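>>> okay, sequence plus prediction incoming.
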Amino acid sequence: MQPKLLFSTVGIICMLFGISLTFTPDLMGDQYLTNPQWINAGARFVAQGWGTTLFAVGMACWYARNAGPSLGRKAMILFILVSNLALVVISSIAVLNGVETALGWAQALLAAGLAAWSGMLFRQETSVS
């Protein structure tokens, strides 16, 4: 498994979710929330901010895909690992508490897969100072 494939995969996923959250937060709320009525102006603003951040992370991963062994590449792999582990926990709690629909389990599984993948790559990375 090459870091290039991980960065490309995460980049594409983050950019797609980022664009969706930025421009269509109501549609994303209808898909993921058990009560779409929770989407108000504040929730829409937070979703759009989060979407913009996701898009930026996707762009960073896309441009990091061709990086050779470096401290920056190792840091990006660690970022993907930690953020996806957190997403597994957050999505699981949201589904179990009735905030997200069952579609949240798919998100948790995707994040778990990306966390495992990035964890394996992180262990393989050589120390570069």
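Cool, got the structure.
>>> would you confirm that Gln37 belongs to a strand?
No: going by DSSP: H, G, I helix; E, B strand; the rest coil, the assignment for Gln37 is helix, not a strand.
>>> pLDDT below threshold where in the protein?
Residues of the chain meeting the criterion pLDDT under 70: 127-129.
>>> how about stretch 101-108: buried residues?
Judged by neighbour count using 16 or more other Cβ atoms under 10 Å, the buried positions of stretch 101-108 are Thr101, Gly104, Gln107, Ala108. Where C-beta positions appear, they are placed from N, C-alpha and C, glycine not excepted.
>>> scratch that, stretch 119-129 is what I was asking about
Gly119, Leu121, Phe122, Glu125.
>>> let's have the buried residues of stretch 101-108 in CSV, adding distance to Cys14 and secondary structure.
What follows is those, written out as CSV (distance: Cβ to Cβ, whole Å; DSSP: H, G, I helix; E, B strand; the rest coil):
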residue, distance to Cys14, secondary structure
Thr101, 21, coil
Gly104, 17, helix
Gln107, 13, helix
Ala108, 16, helix
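>>> JSON lines please, covering the buried residues of stretch 119-129 and showing distance to Asn40 and secondary structure.
What follows is the buried residues of stretch 119-129, written out as JSON lines (distance: Cβ to Cβ, whole Å; three-state DSSP):
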{"residue": "Gly119", "distance to Asn40": "37", "secondary structure": "helix"}
{"residue": "Leu121", "distance to Asn40": "40", "secondary structure": "helix"}
{"residue": "Phe122", "distance to Asn40": "39", "secondary structure": "helix"}
{"residue": "Glu125", "distance to Asn40": "43", "secondary structure": "coil"}
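>>> what's the farthest-apart pair in those?
The distance between the two most remote of these (Cβ to Cβ) is 10.9 Å, for Gly119 and Glu125.
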